[in-house]
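Colleague: no sequence for this one, just the structure:
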């Protein structure tokens, strides 16, 4: 289980959320408090939008806490919309290509969760990628695959519908292989450079946590509060689809069938 | 264009071939003399057999000349059969997963050459992998794909036939896409832990170089001589299939049709 | 606080101690049970002796659990005397040069512990290195400095005396700076390629743990047992100097004054 | 011999100088045209000033051409004053700590050149560092040492005088060791976040090259032109001290005695 955060609002330095808070994302890389795995040290990534439609992307295989480059970049980079992710592998290698966020053109995607027994359904799912999306695959994670399937199934037209279609495809493949006792789980976040969409979902049982908070300069969405004092953080309910436009957070129910 | 070597014979320290000679493989990583690209600094790998059927594998994204671990491992590791490769990327990322040799079970594979315009035929070729072979893919190189296709098409039964089948498949796909003006090229080397097979081939034109030499302790096969005095090195002719059993090197013609 | 182990006996594969046991060193890199810091993910190192007087050394900045090279090397490398270390930084950067074991000629050194407020005494202590030892410094850790001071003060003549001298020097510098409320702490291990010496010591209070166990093939010394069933592991008492020659473990008291 | 560039002027994207030109710095990392060593692949670094007095710093051990992070950062980062460096080691390890630029507070320093037979004078020179400067040393290069000596000898008061003092100290130590047949050589560049100072100097013989050019948006100083068409590039004469304030480049003679 990974940890991530997504911010949008007035431009602020990345380290104001990544390093400075008293339970910052970088601290969560060593000791997350609401996670199945406490240590999220199988690489990390940060991405931020500036004046171009495409984002800057920095990913590295080190634990986030030990990377001096991340510290310096976060101290000196200001953005009005940025994402960061600390990774705990659910099986795939530790390589930059397997670190979140994943980026295609102006799109970013990051994820906490998993396709259970991914290796058993990977072949069938990857064969459903068309050639242009398939060629964008650089790593071997289930997360990157979900992103590319979303791209192919209308993410840029209707993100909620694309999510419904893709998760449905995944659950069908899981069913085909008799993977019925473990749920597909996702706390994922997407941006096109203008806004965020997020999902908190599990086939059954409890999905990975997701919280948001209005801060002075904007809004932040995160796997868990980056402050020890959590009382201003609102939990996103399970089976929810989130839209975050400007400082407006809209939460609606999300169901597959 | 990459550079590689393969040794078998009496156990010797890896650095006797990787570092000590006056035009060693590690020197070739900075300045190869017979190569299209002089610099082979997009990662490297070494693999060696010991008492187990599977080999040890060490791959890293640094240039071979700047890796202190490689120097120490090569100085202290003795093997009767080892391979090493310094990489010049023809397009794919610099990641450990894209470094040669590639390993599946007891098999090793390394390669200098390329499928021209690989991105145009990659989708079609990867879809020809069956599920077990597909799931072994960790990187995005044409070389790893060739290896997995060989595994699927009888490498363990008849290596020469497997090579003929797979190269034929590749050339057919190239033809389908109208890639007729550039040849498929390969100087590749394979081991199962007991012997070597190698191929020097191009669809047309001149394939990448390959040489061999009998040394006191055994035989070495290499992209280019690792000595400035080359007179004891024999060039493998173009369109040749090589079998290396013990100190016996057998070269036969290799044609597709 | 770091975690380490040292083995000597009949040649065995490194992974029999590094990966296979049910509380192996690599598992301890993610979750040590007797440590101040549970996570030891700021790099790692392994070193082993073979037929040369100098050891092979492999160090990397990744967490030990996520390094595929370590797994392969440990599965395929056999040694009669090897050390391994997983690091939790007490301040110095995560770089290969700061990973243990440290090696000079035939000597190896690794350490769990620290000079408290090292930056306050570092200048004075490093100035006590003579030129040959000073020039061997590659990193910035207190551990490497202790090793080089030991080299300079007769490690190859009388290890126990060298330890007494060097720790005394360190404690004097600490006193000069008024660092009296925190102890110097060490659980360290040294080899010359023929045997081990180890120390469990603190200026006051409890030093870091150290255990040993006789296994079928030899003896292992470690920061903590690598098995969940700990009953055959013997704890080394605080303020002890250990000599390990063959399978013989001799523990004597160690005091500075 | 390394390669570097320094820009100041209207904010522009780093890749406009690092990647886009037809003989860009990143291309020079693979094939420099005016250098002793053609390959500059022992790590790289980039640093840029924004709205804070301190700069952002990104350094990595990979060859510059193979780092996807550098490409993305350079495409998306705009700065009015930035430096970048591709390294060819003259002996020191390939580690991030040994990559240029070096940074202390608001200061940046990068260097092409060397103290000949550095290991013979290193001990004497490092002992001349006072405690605050000594404690800032993180790596083992001659370049970082020169920077710290400059900090200690009045870089922030009078850069030209500080350079004269420090180079004099270095040449004295070289003389003490009888290193008379090889010159100290430097093409170095310094910034405090407001302007640049640079030096092209050798004890005797020809120092490493340095050029500058006025571009539409500002001025660039570089080891060699980053364009194949070099006719608008002006060579800085040997034994010169350069001040670059705004778009004004002032070149004065530089002599030690």
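Modeller: Right, received. Where do you want to start? Remember, predicted model here, so these are calculated numbers, not experimental data.

Colleague: Got the phi and psi for residue A:18?
Modeller: The phi/psi pair for residue A:18 (degrees, to the nearest 10) reads phi -80, psi -30.

Colleague: thought it was touching residue A:28?
Modeller: No. Using CB atoms under 8 Å, residue A:18 and residue A:28 do not qualify as a contacting pair, with a distance of 10.1 Å. No exception for glycine: its C-beta is placed from N, CA and C like everyone else's.

Colleague: Could you pull up the residues touching residue A:179?
Modeller: Listed by CB atoms under 8 Å, 6 or more residues apart in numbering or on different chains, the contact set of residue A:179 reads A:116-117, A:120-121.

Colleague: Could I get the pLDDT score of it?
Modeller: Residue A:179 is assigned a pLDDT of 97 by the prediction.

Colleague: do the same with the one 3 residues further on
Modeller: Each residue has a pLDDT score; the one for residue A:182 is 97.

Colleague: what's the answer for residue A:1, then?
Modeller: In this prediction, residue A:1 has a pLDDT value of 74.

Colleague: ditto for residue A:231
Modeller: Residue A:231 is assigned 90 on the pLDDT scale.

Colleague: what number of residues lie near it?
Modeller: Residue A:231 is surrounded by 8 other residues when neighbours are defined as other CB atoms under 10 Å in any protein chain shown.

Colleague: what's the spacing between it and residue A:222?
Modeller: 15 Å (CB to CB, to the nearest Å).

Colleague: repeat for residue A:179
Modeller: The spacing between residue A:179 and residue A:222, counted by CB to CB, is 29 Å.

Colleague: what helix or strand does the residue nearest to the spatial centre of chain A sit in?
Modeller: Note on chain A: the residue nearest the mean C-alpha position is residue A:110, at 2.4 Å, using CA atoms, centre = their mean. Secondary structure from DSSP states H and E places residue A:110 in strand A:107-114.

Colleague: What strands line up against that strand, and which way round?
Modeller: Each strand paired with strand A:107-114, and its direction, by DSSP bridges: strand A:102-104 (antiparallel), strand A:185-191 (antiparallel).

Colleague: just checking, next helix/strand downstream of the longest one?
Modeller: Next helix or strand after strand A:185-191 toward the C-terminus (DSSP H and E): strand A:196-202.

Colleague: And the helix or strand following that next one, what does it pack against?
Modeller: If you walk from strand A:196-202 toward the C-terminus, the next helix or strand you reach (DSSP H and E) is strand A:211-215. Packed against strand A:211-215 by the contact rule (3 or more CB pairs under 8 Å, 6 or more residues apart in numbering or on different chains; DSSP states H and E) you find strand A:218-222, strand A:234-235.

Colleague: by how many degrees do the first one and strand A:211-215 diverge?
Modeller: This points to strand A:218-222. Strand A:218-222 runs at 160 degrees relative to strand A:211-215, counting by axes from the mean of the first three to the mean of the last three CA atoms, to 10 degrees.

Colleague: Strand A:218-222 vs strand A:196-202, what angle?
Modeller: 30 degrees.

Colleague: hmm, who's touching strand A:218-222?
Modeller: For strand A:218-222, the surrounding residues in contact (CB under 8 Å, 6+ apart) are A:3-10, A:12, A:17, A:25, A:80, A:189, A:196, A:198, A:210-213, A:226, A:236, A:242, A:244, A:247, A:249.

Colleague: What is the distance between it and the centre of its chain?
Modeller: In terms of CA atoms, centre = their mean, to the nearest Å, the centre of strand A:218-222 is set 13 Å apart from its chain centre.

Colleague: now swap in the last one and tell me
Modeller: What separates the centre of strand A:234-235 from the centre of its chain is 17 Å, taken as CA atoms, centre = their mean.

Colleague: Residue in the stretch 101-250 of chain A with the shortest distance to chain D?
Modeller: Of all residues in the stretch 101-250 of chain A, residue A:103 sits closest to chain D, at 8.3 Å by CB to the nearest CB.

Colleague: Pull up the gap between that residue and chain C, please.
Modeller: Distance, residue A:103 to chain C, by CB to the nearest CB, to the nearest Å: 22 Å.

Colleague: Go ahead and confirm that residue touches residue A:53.
Modeller: No. Taking contact to mean CB under 8 Å, the distance of 11.7 Å between residue A:103 and residue A:53 leaves them out of contact.

Colleague: Give me the three-state assignment for residue A:225.
Modeller: Classification of residue A:225 by DSSP: H, G, I helix; E, B strand; the rest coil places it in coil.
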